[in-house]
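Asks: When you get a sec, could you give me coordinates for this:
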Amino acid sequence: QVQMVESGGGLVQAGGSLRLSCAASGRTFSGYTMGWFRQAPGKEREFVACIMWSAGSTYYADSVKGRFTISRDNAKNTVYLQMNSLKPEDTAVYYCAAARVWSFRPNLYDYWGQGTQVTVSS
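Replies: This next block holds a predicted model:
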């Protein structure tokens, strides 16, 4: 059974940093794309960043480019999202997900975590 468990969310002041972790288990993710998405109250789930598990290629939403960094640790089966220079508009529930294709579209992702809340105060 595939499990994806996010951690690392919390409350931070604007300009601060947080690092989210996503521990994935239950299958081999070689060849998968691992993504981070977020959803703010009243808004649709939006793409944040993704990384190709094997090759390490990355892609970011324009809104986070230059501030967020996605990475993975193959030995630990864990994906990270380092978030710097956080803004109040980054406040959302952050989800990690896995897809068998290279995509930023949430509907193409097969496995999802339960989410972790990130709140950025002004």
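Asks: And P106, its phi and psi?
Replies: Note on P106: backbone dihedrals following degrees, to the nearest 10 are phi -60, psi -30.
Asks: dump the residue contacts of it.
Replies: Contact analysis of P106 by CB atoms under 8 Å, 6 or more residues apart in numbering lists 35, 37, 45, 47, 97. C-beta: built from backbone N, CA, C; applies to glycine.
Asks: how near is it to K76?
Replies: As judged by CB to CB, to the nearest Å, P106 and K76 stand 25 Å apart.
Asks: Report the central residue of the protein.
Replies: For the chain, the residue lying nearest the average C-alpha position, counting by CA atoms, centre = their mean, turns out to be W36 (2.3 Å).
Asks: Let me know the helix or strand that that one is in.
Replies: In the assignment (DSSP states H and E), W36 maps to strand 33-39.
Asks: Can you give me the buried ones in that strand?
Replies: Of the residues in strand 33-39, those buried under the neighbour-count criterion (16 or more other CB atoms under 10 Å) are 33-38.
Asks: what lines up beside the next helix or strand after it in the sheet?
Replies: Taking DSSP H and E as the definition, the helix or strand that follows strand 33-39 towards the C-terminus is strand 46-52. The strands beside strand 46-52 in its sheet (DSSP bridges) come out as strand 33-39 (antiparallel), strand 58-60 (antiparallel).
Asks: Quick one, which of those strands gets closest to M52.
Replies: strand 33-39 (5.6 Å; CB to CB).
Asks: I'd like the average pLDDT over that closest one.
Replies: Predicted confidence along strand 33-39 averages 98 (mean pLDDT).
Asks: Kind regards, and thank you for your time.
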